[in-house]
Structures are given as structure tokens and as C-alpha cells.
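Undergrad: Requesting a structural model of the entry that follows:
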Amino acid sequence: MGRQHGKRWRQDAEKTSEDPISVEEAVKVVLGFAKGKFDQTIELVCNLGIDPKQADQALRGSLSLPHGIGSTRRVIVFCEGDDIEKATAAGAVEAGLDVLVAKVQGGWMDFDVAIATPPVMRAVSRLGRVLGPQGKMPSPKSGTVTPDVAGAVTEYAAGKLEYRNDSGGNVAVPVGKASFDSTKLAENIEAFLEHIRRRRPTSAKGTYFKKVVLTATMTPSVRVAV
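TA: Residues are numbered from 1 along each chain as shown. This is a model prediction of the structure:
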């Protein structure tokens with residue numbers, strides 16, 4: 001059975017159009033919808049003309065948006081020695097190796113981002129089955145395998161984005177909150193679209209941005225012209 005939407009959602013949906021509109025207009029429309037009891041997350045979803053089955057067309061990476069995403073994130077670090085103290089001082093909720101690996105293997109998932117130093121990746125690699133499906137496995141491509149644990153913890157805790165395409169060629173990211181100024185939200189969206197544009201795989205053929213939509217946690221989506 002499909003999801004049952006409330007009266008306000010249905011009324012908002014009637015105001016949307018299948019025709020794509022500019023980023024600035026889309027922001028105004030979604031912010032006009034996003035009235036609620038909590039500060040809704042604004043999300044951008046890009047359906048891209050890539051073949052996710054081809055390794056050279058997979059998109060994965062990280063970036064910091066100009067105005068952040070309006071939320072802090074819980075970061076853990078797999079590391080040893082002096083790095084444990086550096087990671088904790090920078091704001092990691094947990095840092096270490098053997099005990100932390102065992103804790104995650106046991107099902108503990110109370111964190112948003114996992115970072116690892118290069119020397120410990122052999123030990124961390126056995127967590128692939130646990131962290132991979134969650135999109136939390138440390139990876140050099142996404143900037144979460146790094147010798148600079150303090151810098152990485154600071155960036156990711158402040159809302160640095162990790163993104164990766166799903167099996168349908170979609171990339172979805174939070175771009176801010178409903179409480180954001182519309183100009184700042186639009187600048188975040190433009191920055192992400194420009195980043196994805198620059199990351200276009202050379203082997204991807206045809207239309208790259210097939211469909212782009214903007215939505216809030218509890219609102220219909222609005223098509224964006226790219």
C-alpha cells in the first residue's frame with residue numbers, strides 16, 4: 001500500500017508543476033511548504049544519466065557547502081596511538097581500533113560518519129559487510145581515509161557532506177534546513193550542482209542531469225531546472 005499523505009501535503013502537491021523551475025524559485029516554493037513543528041531538512045535529489053553498474057561511472061565524494069547544512073554529525077575514528085587523543089580533542093564521539101571495531105561489529109551504529117587512518121584500514125576492512133550497506137565505510141574516495149584525523153573530524157562534524165550514487169543513478173544530499181535564508185539555501189544548491197557537474201564521468205553519454213528535485217522532510221518535491 002502507498003504512503004498516505006496528509007491534507008496539507010496534498011494541498012501543497014496541487015500547487016506544484018511537472019515543469020522544472022529555477023533554483024531560486026524552487027527554494028521559495030519548498031520553503032513556502034515547509035511550515036511545521038520542527039526545522040525540516042531540505043534535500044536535493046539528482047537523477048543522473050550514469051550507468052551505476054560501470055565502475056568508471058560511479059559517483060562518490062565529499063564536499064563542504066558554502067553555508068553548511070544546519071546540523072552537526074557524530075563522527076567516529078578508527079586509529080591508533082597519538083591519533084586517538086587528536087580525534088577525541090577534535091570532537092570524535094569515539095576513537096580507537098580493536099575495541100571500536102568489535103563494538104561496531106557487535107551492531108553499534110550510533111554515529112553518522114566513520115573516519116580511518118591509512119595504517120588501520122586492514123583491520124577496518126572486515127567491517128565492510130556492516131558499514132558498506134549503511135554508506136558508512138571509510139573510503140579514500142570520499143575523504144574519510146586520511147592521516148589528518150583532527151581536520152577530518154572537524155569538517156565532518158560541522159556537516160561536510162559525503163555522497164554516493166545509488167543503484168538507480170540517484171544522488172541525494174541534504175542542502176540545509178527550512179530555517180535557512182533562501183539566498184543561502186540557493187547558493188548551497190548551486191554549489192552542489194556545480195560540483196556534480198564537474199564530476200561528470202567522461203564515459204557517461206546523453207543527458208547528464210535527467211531530473212533534479214528539491215524537497216523538505218514533510219513536503220512534496222519540486223522539479224528544478226538544471
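
Undergrad: The residue minimising distance to the centre of the chain bridge partners, please.
TA: By CA atoms, centre = their mean, the chain has its centre lying nearest to residue 173, at 4.1 Å. On the basis of DSSP bridges, residue 173 is bridged to residue 44.

Undergrad: Tell me which residues touch it, please.
TA: 43-44, 161, 163, 192 (CB atoms under 8 Å, 6 or more residues apart in numbering). Where C-beta positions appear, they are placed from N, C-alpha and C, glycine not excepted.

Undergrad: try it again with 6 Å
TA: 44, 161, 163 (CB atoms under 6 Å, 6 or more residues apart in numbering).

Undergrad: Repeat that for residue 16.
TA: Counting by CB under 6 Å, 6+ apart, residue 16 has contacts 220, 222.

Undergrad: Pop out the phi and psi values for residue 190.
TA: For residue 190, the backbone dihedrals (degrees, to the nearest 10) come out as phi -60, psi -40.

Undergrad: State the pLDDT value of the closest residue to residue 182 other than its chain neighbours.
TA: Residue nearest to residue 182 in three dimensions, not counting chain neighbours: residue 27, with 5.0 Å by CB to CB, 6 or more residues apart in numbering. Looking at residue 27, its pLDDT is 95.

Undergrad: burial count for residue 27?
TA: Neighbours of residue 27 under the rule other CB atoms under 10 Å: 27.

Undergrad: Whichever strand or helix holds it: how far from the chain's middle?
TA: In this assignment (DSSP states H and E), residue 27 forms part of helix 23-33. Mean C-alpha position of helix 23-33 versus that of the full chain (CA atoms, centre = their mean, to the nearest Å) differs by 20 Å.

Undergrad: What does the most far-flung residue of the chain relative to its centre show for phi and psi?
TA: Residue farthest from the centre of the chain, counting by CA atoms, centre = their mean, is residue 81 at 30.1 Å. Here is the backbone geometry of residue 81 (degrees, to the nearest 10): phi 60, psi -140.

Undergrad: Alright, I will stop here.
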